[in-house]
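**Q** okay, predicted coordinates and the sequence, questions at the end:
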Amino acid sequence: MSQRTKIKALLESEQTQIEVTVKGWIRTFRNNQFIALNDGSTNNNLQIVVDFENTDPSLLKRLTTGAAISVVGELVSSLGKGQKVEVKAKQIEVLGDSDPEKYPLQPKKHSLEFLREIAHLRFRTNTFGAIFRVRNTLSHAIHTFFQDRGFVYLHTPIITASDAEGAGETFHVTNFDITNPPKTETGEIDYKQDFFGRATNLTVSGQLEGELGAMALSDIYTFGPTFRAENSNTTRHLAEFWMIEPEMAFYDLVDNMDLAEALLKFVIKEALNKNADDLEFLSQRLAEEEKQKPQNERSDLSLIDKLQFCLDNDFQRLTYTEAIEILKESTPNKKKKFQYPIEGWGTDLQSEHERYLVEKHFKKPVILTDYPKQIKAFYMRQNDDGQTVRAMDILFPGIGEIVGGSQREERLDKLEQRMDEMGIPKEELWWYLDTRRFGACPHAGFGLGFERLVLFVTGMGNIRDVIPFPRFPKNAEF
Ligand code: ATP
Ligand code: MN
């Protein structure tokens, strides 16, 4: 096997006048002389200089955008602008041709919408190469953060019989012939005859099972896919998305917030350190995009400044009740600019409200705590006021909610009372309630939506562009 060097390493090489082998895909071929070659190891292309006078014209014709080639040549200092080194080709082999008449990716700017339709090829663009390298760094950083703190990575089930929050937005999993499922005597679908002997669905969250792990291992985290059949065609929702869900025994809400804030800062810092070129590229991309917007909607900070700003500032912590007061008195509320006006205490916040708090009022990430119990899940710890629960949501600029978490209710009687009030069947969650019967302790956890994090760090505007193959209503291509 020939020794092949990745382009990233060559561009950083201190040594020149050495023979190298490079392999990659042609981005452009100019003047029959200069190939811009990319192999995905970096956003930057390597320039290959072709000695066209001594190259077979039939080979030159095959050096087209998209073709895969292998090049043996000499790494030399470059006289051209924009690169330190280039490769003087001695031998070029076309490994895979790409018909320029048919290849959908032309060396020009394509719209993100068009690229979504050719998601199988969009990895080959600068933008998507950068996004998926950043996504990779963030994913690695999440594991590093938790592993360094002694957390146990726990694999919670993908197929489950519980609908964690009773939200009902689940995808069913069945082996039945759906045109003719077996029925009971009373005419209902007889799930006893189904594969698992009961109705099952894809998980919407691994939290409840995660808590079981934390009640023995102390600190656990999950990092896996979750599925929600929510018909919300928004730029922040996917039907299949990845979630990170840590659960910690002996943590209260403040410990929980501290951990979430430290996690977000750590992973953003890792991306800034490891993906400087990619983020620089994405930062410029965003600046170009912002130029299309009216002056008053443009952000004063570049993407990189925004990320740095997150690292340098403490997240603003306040209660839901305090936030409602701010929103009630806010200019857009008084001028009736909110689509959902803030009328009083108790309603859920819409993303326009979250973004007002973060982007206009505090101008930094915000953690809201102590929400009204009626808008939060049954497992959140009840406060003594009888009205609120120990919940926390972290809100980010441009994103809205990025983290949702709480201190969990560890008191069996309080938990059961809340389940009764909310109509959650206690029999089905007998195993969850057992942790409150045997060795219950204060504990807390949160869920971080991974794609919302990638959205924030890459500065992209649509969540469909930060996961390789997005799943959303009416789309499961690739
Ligand atoms: P939202 O109000 O934005 O729909 P949620 O309250 O339903 O969020 P949780 O159930 O608390 O969210 O889920 C935890 C985290 O998972 C959220 O903070 C968010 O980052 C992410 N998330 C939730 N739903 C989706 C989705 N459909 N696609 C991508 N990420 C999601
Ligand atoms: Mn939701």
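**A** Now that the structure is in, tell me what you want to look at. Ligands and ions are numbered 1, 2, ... in the order given.
**Q** so what's whichever residue of the stretch 251-400 of the chain sits closest to ligand 1 up against?
**A** Per Cβ to the nearest ligand atom, residue 400 is where the stretch 251-400 of the chain lies closest to ligand 1, at 6.3 Å. In short, each C-beta sits where N, CA and C put it, glycine included. Under the criterion of Cβ atoms under 8 Å, 6 or more residues apart in numbering, the contact list for residue 400 reads 236, 351, 354, 355, 358.
**Q** the third one in helix, strand or coil?
**A** Pointing back at residue 354 there. Three-state assignment for residue 354 (DSSP: H, G, I helix; E, B strand; the rest coil): helix.
**Q** can you tell me which residues contact it?
**A** In this structure, residue 354 makes contact with 366, 393, 395, 400, 401, judged by Cβ under 8 Å, 6+ apart.
**Q** separation between it and residue 46?
**A** When Cβ to Cβ, to the nearest Å is applied, the distance between residue 354 and residue 46 equals 44 Å.
**Q** swap in the second one?
**A** Using Cβ to Cβ, one gets 43 Å for the distance from residue 351 to residue 46.
**Q** of the two, who's got more company?
**A** With other Cβ atoms under 10 Å as the criterion, residue 351 and residue 46 differ in neighbour count, and residue 46 comes out ahead with 28 against 14.
**Q** show me the beta-bridge partners of that one.
**A** Residues found in beta-bridge contact with residue 46 (criterion: DSSP bridges) are residue 37.
**Q** local confidence estimate at it?
**A** Residue 46 is assigned 97 on the pLDDT scale.
**Q** how about residue 230?
**A** Per the predicted model, pLDDT is 85 at residue 230.
**Q** then the one 3 residues further on?
**A** The predicted local confidence for residue 233 comes out at a pLDDT of 86.
**Q** which residues of the stretch 1-150 of the chain score low on pLDDT?
**A** Using pLDDT under 70 as the threshold, the predicted model of the stretch 1-150 of the chain has low-confidence ranges 1-2.
**Q** the strands in it, which residues?
**A** Along the stretch 1-150 of the chain, the stretches classed as strands by DSSP state E, counting those that start in this stretch are 18-30, 34-38, 46-49, 68-77, 85-96.
**Q** adding distance to residue 442, write these out as a markdown table.
**A** Converted to a markdown table, the strands of the stretch 1-150 of the chain look like this (distance: least, Cβ to Cβ, whole Å):
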| stretch | distance to residue 442 |
| --- | --- |
| strand 18-30 | 54 |
| strand 34-38 | 52 |
| strand 46-49 | 56 |
| strand 68-77 | 57 |
| strand 85-96 | 58 |
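**Q** what does this protein put close to ligand 1?
**A** Residues of the chain found near ligand 1 (Cβ under 6 Å from any ligand atom) are 228, 230, 237-238, 241, 243, 401-404, 447, 449, 451-452.
**Q** point out the least confident one among those.
**A** Taking the residues of the chain next to ligand 1 together, the minimum pLDDT is found at residue 230 (85).
**Q** secondary structure class for the closest residue to that residue other than its chain neighbours?
**A** By the measure of Cβ to Cβ, 6 or more residues apart in numbering, the closest residue to residue 230 outside its immediate chain neighbours is residue 169, 4.7 Å from it. Going by three-state DSSP, the secondary structure assigned to residue 169 is coil.
**Q** what's near enough to touch residue 169?
**A** Contacts here follow Cβ under 8 Å, 6+ apart; on that basis residue 169 touches 204, 228, 229, 230.
**Q** which of those residues sits closest to ligand 1?
**A** When the contacts of residue 169 are compared for distance to ligand 1, the smallest value, 4.8 Å, is given by residue 228; criterion: Cβ to the nearest ligand atom.
**Q** test my guess that the closest one contacts residue 204.
**A** Yes: under the criterion of Cβ atoms under 8 Å, residue 228 is in contact with residue 204, at a separation of 5.4 Å.
**Q** looking at the two, which has the bigger crowd around it?
**A** Here residue 228 and residue 204 are compared on neighbour count by other Cβ under 10 Å; more neighbours surround residue 204, at 23 against 19.
**Q** how close does the more buried one get to residue 294?
**A** In this view, residue 204 and residue 294 are 39 Å apart by Cβ to Cβ.
**Q** how about residue 350?
**A** Noted for residue 350: a distance of 23 Å to residue 294, by Cβ to Cβ.
**Q** more neighbours, these two?
**A** Applying other Cβ under 10 Å to residue 350 and residue 294 shows that residue 350 carries more neighbours, namely 14 against 6.
**Q** can you pull the contacts of that one?
**A** Under the contact definition (Cβ under 8 Å, 6+ apart), the residues listed for residue 350 are 338, 339, 340.
**Q** could you redo the last one with a cut-off of 6 Å?
**A** residue 340 (Cβ atoms under 6 Å, 6 or more residues apart in numbering).
**Q** assign residue 258 to helix, strand or coil.
**A** Taking three-state DSSP as the rule, one finds residue 258 in the helix state.
**Q** begin at 11, not 1, for the rest of this chat.
**A** In the new count, where the first residue is 11, that last one comes out as residue 268.
**Q** how far away is it from residue 258?
**A** Between residue 268 and residue 258 the distance, using Cβ to Cβ, works out to 11 Å.
**Q** out of these two, which sits in the more crowded spot?
**A** Regarding residue 268 and residue 258, a neighbour count based on other Cβ under 10 Å identifies residue 258 as having more, with 25 against 11.
**Q** ok, for the more buried one, nearest residue in space, not its chain neighbours?
**A** Closest to residue 258 by Cβ to Cβ, 6+ apart is residue 229, at 4.9 Å.
**Q** is it true that the one you found touches residue 163?
**A** No: taking Cβ atoms under 6 Å as the definition, residue 229 is not a contact partner of residue 163, at 10.6 Å.
**Q** look at these two and report which has more neighbours.
**A** For residue 229 versus residue 163, neighbours defined as other Cβ under 10 Å are more numerous around residue 229 (21 against 14).
**Q** quick check on the more buried one: phi, psi?
**A** The main-chain torsion angles of residue 229 are listed as degrees, to the nearest 10 and equal phi -130, psi 120.
**Q** need the pLDDT of it.
**A** For residue 229, the pLDDT comes out at 98.
**Q** then residue 189?
**A** 95.
**Q** residue 304 now?
**A** Looking at residue 304, its pLDDT is 88.
**Q** ok, now residue 339?
**A** On the pLDDT scale, residue 339 is placed at 95.
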